[in-house]
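> Any chance you can model this:
(one chain, ligands or ions: 1)
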Amino acid sequence: MNEAAMTLEGWYALHDFRTINWSAWKAADDEVRAFALDELNGFLEEWAAVDEAKQGSTAVYTIVGQKADFVFMHLRETLEELNAIENAFNKTTFAQFTTKAYSYVSIVELSNYLAGSSNEDPMQNPHVVARLKPSLPKAKHICFYPMNKKRDLSDNWYMLSMEERRSMMQSHGLIGRGYAGKVKQIITGSVGFDDWEWGVTLFADDALQFKKLVYEMRFDEVSARFGEFGPFYVGNLLDQASFTELMKV
Ligand code: VOV
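A predicted model of the protein is given here:
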């Protein structure tokens, strides 16, 4: 058997994509809409407090295009907390005006491909912990897509030696480093949790940098030979004020 990559895990992740039922929303009474928006704002405040207390993190973005209208990306310590959040939200009046578009369950993951050979416990390293339990940035844009590494006869990532995989991940990391300060990536592992092997969530103030980065990576061996990609979701930052504005009829 080939040497498996060792991984470190941090917070569990739920990407919860929703579509707004505009006809129902527009047909509702003003009081019902006001109540629903109050509930929504209550949740946004609660999630911001969790962020503040560093017990998790939540990002809220619109989605451009017809796949969904908005996404809640939640990071929490346990799957139970993620479950509780989605169930609490589903019970709100606001949620009655949305339908579920897509969801993704995963966990923030770091692999050991580029890790040094020190004996220190990585969980004692504050830089590592900050990457495993990150505060999601308030960047203007988000891009999310799930992906696999191919398992074809001639191109099977899992049959390569550790050295071959490490060398390709080095090249991958170098390209990524060229986007430092422009794109922040959160890689979440989802083997055993969802339909693809990883979730890729990117944050940037200039959405064009998503295209530049993903395109450049397509020419890099690990993506060119082994990358298989699911649907892409891209959108814009929402806060309480812009969410209320979005819901204006
Ligand atoms: C901002 C850009 C950026 C940077 C700096 C970056 C760096 C790195 C490093 C250093 C490492 C390895 C160690 C670790 O940290 O785990 C990774 C790991 C990973 N990446 Fe990455 N990646 C980026 C960006 C980035 C993108 C855009 C994609 C999607 C690929 C594409 O073609 O669309 C991606 C994918 C991944 C995946 C799926 C993994 C896990 C692979 C595995 O087999 O375990 N990644 N990544």
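> Need phi/psi at residue 148.
Dihedral pair for residue 148: phi -120, psi 160, per degrees, to the nearest 10.
> residue of this protein with the smallest distance to the ligand?
residue 176 (2.1 Å; CB to the nearest ligand atom). All C-beta atoms are positioned from the backbone trio N, CA, C, and that covers glycine.
> Going along the chain from the longest helix seen in the chain, find the next helix or strand for me.
Across the chain, the longest stretch assigned as helix under DSSP state H is helix 30-52. Per DSSP states H and E, helix 30-52 leads on to strand 56-62 as the next helix or strand towards the C-terminus.
> For that following strand, what is the distance to the chain centroid?
For strand 56-62, the gap between its own C-alpha mean and the chain's C-alpha mean amounts to 9 Å (CA atoms, centre = their mean, to the nearest Å).
> how much does that strand deviate in direction from helix 30-52?
140 degrees (axes from the mean of the first three to the mean of the last three CA atoms, to 10 degrees).
> who's in contact with the helix or strand that comes right after strand 56-62?
Note on strand 56-62: by DSSP H and E, the next helix or strand toward the C-terminus is strand 70-76. The contact list for strand 70-76, computed with CB atoms under 8 Å, 6 or more residues apart in numbering, reads 10-18, 20, 47, 50, 55-63, 82, 85, 89, 108, 133-134, 136, 142, 144, 201, 233, 235, 238, 243, 246.
> Give me the most central residue, the protein.
With distances taken as CA atoms, centre = their mean, residue 201 lies nearest the centre of the chain, 4.0 Å away.
> what's near enough to touch that residue?
Contacts of residue 201 by CB under 8 Å, 6+ apart are 13, 15, 73, 142, 143, 144, 185, 186, 187, 188.
> Just to be sure, which of the residues you listed are found in helices?
Applying DSSP H to the contacts of residue 201, no entry is found in helices.
> how about the strands in this protein?
Ranges of strands in the chain, per DSSP state E, are 7-20, 56-62, 70-76, 98-111, 141-149, 183-189, 198-204, 227-229, 233-236.
> Okay, now the sheet partners of the third one, with direction.
The sheet places strand 70-76 alongside strand 7-20 (antiparallel), strand 56-62 (antiparallel), with pairing taken from DSSP bridges.
> tell me the angle of the shortest one relative to strand 198-204?
For the pair strand 56-62 and strand 198-204, the angle between their directions (the same axes, to 10 degrees) equals 70 degrees.
> same check, this time on the longest one
Relative orientation of strand 7-20 with respect to strand 198-204: 70 degrees, computed using the same axes, to 10 degrees.
> got a list of contacts for stretch 102-113?
Residues from elsewhere that reach stretch 102-113 (CB under 8 Å, 6+ apart): 5-17, 67-68, 75, 79, 82, 128, 131-134, 144, 146, 165-166, 169-170, 186-190, 193-194, 198-199, 231, 233.
> near the ligand, which of those residues show up?
Among the contacts of stretch 102-113, the ones lying near the ligand by CB under 6 Å from any ligand atom are 5, 169, 187, 198.
> Now do the contacts for residue 197.
146, 147, 148, 149, 189, 190, 191.
> Contact residues of this structure facing the ligand?
Within the chain, the residues that sit near the ligand (CB under 6 Å from any ligand atom) are 5, 110-111, 113-114, 147, 149, 169, 172-173, 176-177, 179, 183, 185, 187, 198, 200, 213-214, 217, 223, 227.
> ok, of those residues, which come out buried?
Using 16 or more other CB atoms under 10 Å as the burial test, the residues of the chain next to the ligand include 110-111, 113, 147, 149, 169, 172, 176, 179, 183, 187, 198, 200, 213-214, 217, 223, 227 as buried.
> Next up, the contacts around residue 249.
Residue 249 makes contact with 25, 26, 33 under the criterion CB under 8 Å, 6+ apart.
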